[in-house]
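Engineer: can't give you the sequence, but here's the structure:
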């Protein structure tokens, strides 16, 4: 039971970030708002981060995926920051 709760939380985080990416992407296709695109891309990277968290903690506990997870997180932040700056610059 002790290992089940973290596994469920990791999977729920992955499902939630994937659902957010999908919903943001779906809305972006309808509206073509640039910030929706960058937000969807950010959540895709966060879903990748959560996938590697599952692989790291549950599937392959002997393999260290911290660097990969950090790169996905860093990429998500950079993409969203770029989207904020680019969207702001496009409106002016």
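Structural biologist: Everything's here; your move. The model shown is predicted, which means the values in this text are computed figures rather than measured ones.

Engineer: Check which residues of the helix or strand bottoming out on mean pLDDT in the chain are buried.
Structural biologist: In the chain, no helix or strand scores lower on mean pLDDT, DSSP states H and E than helix 66-91, which sits at a mean of 90. Within helix 66-91, the residues scored as buried using 16 or more other C-beta atoms under 10 Å are 68, 69, 72, 73, 75, 76, 79, 80, 83, 87. Any C-beta I mention is one placed from the backbone N, CA and C, and that applies to glycine too.

Engineer: now residue 62, what's its secondary structure?
Structural biologist: Classification of residue 62 by DSSP: H, G, I helix; E, B strand; the rest coil places it in coil.

Engineer: Over to stretch 50-68 now: how far is its first residue from its last?
Structural biologist: Start and end residues of stretch 50-68 are separated by 11 Å (C-alpha to C-alpha, to the nearest Å).

Engineer: Just list what the longest helix belonging to the chain packs against, helices and strands only.
Structural biologist: Longest helix of the chain, by residue count under DSSP state H: helix 4-31. Applying 3 or more C-beta pairs under 8 Å, 6 or more residues apart in numbering; DSSP states H and E, one finds that helix 4-31 contacts helix 34-54.

Engineer: Could you give me the buried positions within the helix it packs on?
Structural biologist: Applying a neighbour-count criterion of 16+ other C-beta under 10 Å, one finds 35-54 buried in helix 34-54.
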